[in-house]
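>>> pasting the sequence and the predicted model now:
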Amino acid sequence: MGFGDLKATTGLKVLNEFLADKSYIEGYVPSQADIAVFEALSGAPPAELFHALRWYNHIKSYEKQKASLPGVKKPLGKYGPVNIEDTTDSAPKDAKEDDDDIDLFGSDDEEESEEAKRIRDERLAQYASKKSKKPALIAKSSLLLDVKPWDDETDMGKLEEYVRSIQMDGLLWGSSKLVPVGYGIKKLQIQCVVEDDKVGTDILEEKITAFEDYVQSMDVAAFNKI
């Protein structure tokens, strides 16, 4: 598995296709997997690779807190499509390959590497062609919600439990944290991914504020199309 050379257009195209139906490299919240791939890029992807650019800008906002993101960073070749050959230095080589790399008679390495590059580019092109024939993707959005309690005596653990108890087709809850708002009061900030055709912000607000003994209000702090 892998993306190929993420500093080249072919690798960026594979990354863009990979993120067409995903918010993150692994799972549903930012993790060390995203940081590993982000750091392998030489800069922001071009505008036409909008899935990769959307992901890049989102992960860039976590640069100052990247060490606190969950997960353990793995070699770059452990991420990406399973049918793309890894071409990074992180890919392990077995003993036979190491032996093959020893050129006792000065054979033309340049021609061999050109051949390897040609094969890799062909495989990447085949993968991109296959992905382009996929059916239309389901429109999704990533939301960051601010849920405010009545006062500093509100049980925030119970409040979050009630919020996460809301289960709907097309709704997936993500990570959360408590954010101070003043006078000892903290609000719940929680992420979720929704399918646009099934779950709207209005119905989310209606269901969350229905827990009126705990919830004073709900606001959408961030809204990103996926």
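Received, thanks.
>>> host element of the most centrally placed residue in the chain?
The structure's the chain has its C-alpha centroid closest to Tyr24; by C-alpha atoms, centre = their mean the separation is 1.0 Å. Assigned by DSSP states H and E, Tyr24 falls within no helix or strand.
>>> helix, strand, or coil at the closest residue in space to it that isn't next to it in sequence?
Nearest residue to Tyr24, sequence neighbours excluded (C-beta to C-beta, 6 or more residues apart in numbering): Asp34, at 5.4 Å. Yep, even glycine has a C-beta here, placed from its N, CA and C like the rest. Secondary structure for Asp34, judged by DSSP: H, G, I helix; E, B strand; the rest coil, is helix.
>>> Asp34 contacts Ile59, doesn't it?
Yes - taking contacts as C-beta atoms under 8 Å, Asp34 lies within contact range of Ile59: 4.8 Å.
>>> out of the two, which sits in the more crowded spot?
Asp34 (25 against 21; other C-beta atoms under 10 Å).
>>> show me the contacts for the residue nearest to Tyr24.
Tyr24, Ile25, Glu26, Trp55, Ile59, Tyr62, Leu69 (C-beta atoms under 8 Å, 6 or more residues apart in numbering).
>>> out of these, list just those in helices.
When the contacts of Asp34 are checked against helices (DSSP state H), the matches are Trp55, Ile59.
>>> what are the ranges of the strands in this structure?
With DSSP state E, the ranges of strands along the chain come out as 140-149, 171-182, 185-195, 215-225.
>>> helices or strands up against the longest helix seen in the chain?
Looking across the chain with DSSP H, the single longest helix is helix 109-132. Judged by 3 or more C-beta pairs under 8 Å, 6 or more residues apart in numbering; DSSP states H and E, the packing partners of helix 109-132 are helix 9-18.
>>> show me the shaky parts of this protein.
Residue ranges of the chain with pLDDT under 70: 1, 83-112, 131-136.
>>> tell me what Cys192 is bridged to.
Per DSSP bridges, the residues bridged to Cys192 are Leu143, Trp173.
>>> hmm, I typed the wrong one, I wanted Leu178.
Here Leu178, judged by DSSP bridges, has bridge partners Leu188.
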